[in-house]
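J.: Provided below for reference: sequence and predicted model.
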Amino acid sequence: MPEKPVRDAPVPAGPVPAGPVPAGPTAGEPAAGEPVPAGPVPAGPVAGESADEEARWGREVVPGTAGGHPCLTYARRPGSLAELLSGTGRWAEREFLVQGERRLSYGAFTGAVARVGAHLRGLGVRPGERIMLLGFNQIEWVVAFWAAQTLGAVAVLGNAWWSEAETAAALDQAAPVLVLASESRPGGAVPPAGTARVLGLDALRPLVDGGQPAALGPAALDPAPVAEDDPALIMFSSGTTGTARGVVMSHRSVIANLQNLLVLTGRLPTELPPGHPGTVSLLSVPLFHLAGIQTSCTTLLPTMVSRVLDHPDLTRRDTSSLRSVPMGGAAVSPELRQRVAASFPGVKSGAGSLYGLTEAGGVLAAGSGPDLDQRPGCVGRALPVVELRIAGPGPDGVGEIQARTPTATDGYLGDPVPLADPDGWISTGDLGRIEEPGWLYVTGRSKDIIIRGGENVACARVEQALLRHPDVLEAAAVGLPDADLGEEVGAVVVLRPGARARVAELRGHAGTELARFERPARWWLRRDPLPVNATGKILRREIRSAWLARGAGDLADLAGSAEPAPGDTALQRTDRPGSCADAEPSRRP
């Protein structure tokens, strides 16, 4: 029988929209990422709050519907992302964004959004049309995102590390009317995208830096009206089938994530006095990732935290201001939690954990250090409006994790097949169990994904790229352990009879087909066919076990042919982790 849905998670929340979010707690209150004490938290408007703000936010959870499915939802909530900008006036003089030596206050940010929005409107962008943001983290990216929201447009979040082919495929899917791109992208110039106009993000800087923003205020934004279920943004998910697919997120979905965070950390706008001091959050992940669409609470990949802890200058740095280290995107080991607690005494709650899924609209469960230290493998408990259950549990209680939540996305772009079942449950593809009173344990994955440094790599995509080389007969991608990245991509390649391709040539081929983080870091070249089961599926687990038994280094089993030259197997690191289960055969006809 499936586990009972889990609710009421007094634990830190996760990714939320990159934009104006109320500042953090005062001394004696829970810091960002720390749990709110059990029991009722005083709610309701403080002196000076407007009636609009009071009506916009609340912590009461009630039964509702989203996407035609039953779910839990907040009784009071904003109806669109643009509505969030109306609350920036009370913090107008405070710093909001910092990039190097650049500083932008809430007031300056609001003025910049108004100017960039007017500029984009002048370029012909209309409500419902799509704007692709194809760049690295910078102030102009954040301003453009929120300018798109004021226009009622849909922000399409492109991966700046994509290859030219991957960029072209995403543009074909999304069909934007405008592309705003970083000029330093490794994929080179943006390929032709129908009638879409292409502009550099840096070209927006004069609009961001100019004018008298304080005099404008939120009223100057005049956002276009949108419905709660209208699309707000499109992100791309690295599914198990290859090419990244656009995932559509409504205003309802994104706001539900944000409200989860504000409720759990006690920072709803109606609960903060005007003099409430702010926190500083380090945005350490790309803005085009789900974990990067945030401001109040940053999400750190375990690889990032491990690198910081290993840095030789760490002990000479003043880290006393650090209060929270929430981690997600990959498994967090007990040893890493212990190192965080020992290295950052100011992090009272220890290293937090976040668990989520792009298709489910974001973070589903979260936990703080003290709770997780006693529960190895646990990722926390469900967020306030999230229900979790285990489908098809075995005798040990392990089955596929499913979620029902108003944060759920509207499915894949252009695909009429819904992600949820008729009752609104979304399958995560992850295996786990739930222990009372609602602790979620993630025990493995049921889908063919490698998670390298927090990036999802589809095994099928890597294999398809390798099979396009004329010398490759069969290919399998597996995740191999890596102390820094968690896992890295390993490629097992069966060469055609008489083929002479070597690692250097195959690596060069992969470089033209795959993004930097998808390229194999270790190679096993062989003549023998890959092991398969009775139905012809390649046995990835068996391949991975055999490779690990031989040291997990580069291998060349090429009987009757010359061994690779010494430099052929020199590897360059790229970006992702995970191990793949058995999948469809990867063989060239």
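T.: That came in fine, so what should we check first? Only a predicted model underlies this, so the values are computations on that prediction, with no experimental measurement involved.

J.: the longest helix along the chain: how far from the chain's middle?
T.: Criterion DSSP state H: the longest helix present in the chain is helix 106-122. With Cα atoms, centre = their mean, to the nearest Å as the basis, helix 106-122 stands 26 Å off its chain's centre.

J.: assumed Val363 was part of a strand.
T.: Yes - using DSSP: H, G, I helix; E, B strand; the rest coil, the assignment for Val363 is a strand.

J.: related to what we said a few turns ago, now the element after the longest helix of the chain, going C-ward?
T.: The C-terminal neighbour of helix 106-122 among helices and strands, as given by DSSP states H and E, is strand 130-134.

J.: which other helices and strands does the helix or strand that that next one is followed by contact?
T.: Along the chain past strand 130-134, the next helix or strand (assigned with DSSP H and E) turns out to be helix 139-150. Using 3 or more Cβ pairs under 8 Å, 6 or more residues apart in numbering; DSSP states H and E, the elements in contact with helix 139-150 are strand 95-99, helix 106-122, strand 130-134, strand 154-157, strand 178-181, helix 205-209. No exception for glycine: its C-beta is placed from N, CA and C like everyone else's.

J.: TSV please, covering those and showing mean neighbour count, mean pLDDT and distance to Phe344.
T.: Shown next, in TSV, are the helices and strands packed on helix 139-150 (neighbours: other Cβ atoms under 10 Å; pLDDT from 0 to 100; distance: least, Cβ to Cβ, whole Å):
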stretch	mean neighbour count	mean pLDDT	distance to Phe344
strand 95-99	17	93	21
helix 106-122	23	94	28
strand 130-134	25	96	33
strand 154-157	26	97	31
strand 178-181	25	95	37
helix 205-209	18	94	34
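
J.: which stretch among those comes nearest Pro192?
T.: strand 178-181 (10.5 Å; Cβ to Cβ).

J.: isn't Leu466 up against Val493?
T.: Yes - using Cβ atoms under 8 Å, Leu466 is in contact with Val493, at 6.1 Å.

J.: any shared contact partners between these two?
T.: 472, 475, 506 (Cβ atoms under 8 Å, 6 or more residues apart in numbering).

J.: and the second one, which of the three is it?
T.: At Ala475 the chain is in strand, as set by three-state DSSP.

J.: that one against Arg461, yeah?
T.: No - using Cβ under 8 Å, Ala475 makes no contact with Arg461, being 11.2 Å away.

J.: now distance to Gly361 too, for the helices and strands packed on helix 139-150, in TSV please.
T.: Shown next, in TSV, are these (distance: least, Cβ to Cβ, whole Å):
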stretch	distance to Gly361
strand 95-99	25
helix 106-122	24
strand 130-134	19
strand 154-157	14
strand 178-181	24
helix 205-209	29
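
J.: nearest to Thr270, out of those?
T.: Per Cβ to Cβ, nearest to Thr270 of these: helix 106-122, 17.8 Å.

J.: quick check: angle from that closest one to strand 95-99?
T.: 70 degrees (axes from the mean of the first three to the mean of the last three Cα atoms, to 10 degrees).

J.: so what secondary structure elements neighbour helix 106-122?
T.: Using 3+ Cβ pairs under 8 Å, 6+ apart, helix 106-122 sits against strand 95-99, helix 139-150, helix 205-209, helix 213-216.

J.: looking at the ones you listed, which is closest to His69?
T.: Of all the helices and strands packed on helix 106-122, helix 139-150 comes closest under Cβ to Cβ, at 25.2 Å.

J.: and the residue nearest to Phe344 when sequence neighbours are not counted, which of the three is it?
T.: Using Cβ to Cβ, 6 or more residues apart in numbering and skipping residues adjacent in sequence, the residue nearest Phe344 is Leu322, 5.1 Å away. Following three-state DSSP, we place Leu322 in the coil state.

J.: pretty sure Val532 contacts Ile538?
T.: Yes - counting by Cβ under 8 Å, Val532 touches Ile538, with 5.5 Å between them.

J.: and the two? Which one has more around it.
T.: Ile538 (26 against 15; other Cβ atoms under 10 Å).

J.: got any ranges where the chain has weak pLDDT?
T.: Within the chain, the set of residues satisfying pLDDT under 70 comprises 1-53, 186-188, 211-220, 238-242, 290-303, 326-334, 348-351, 446-447, 533-537, 560-589.
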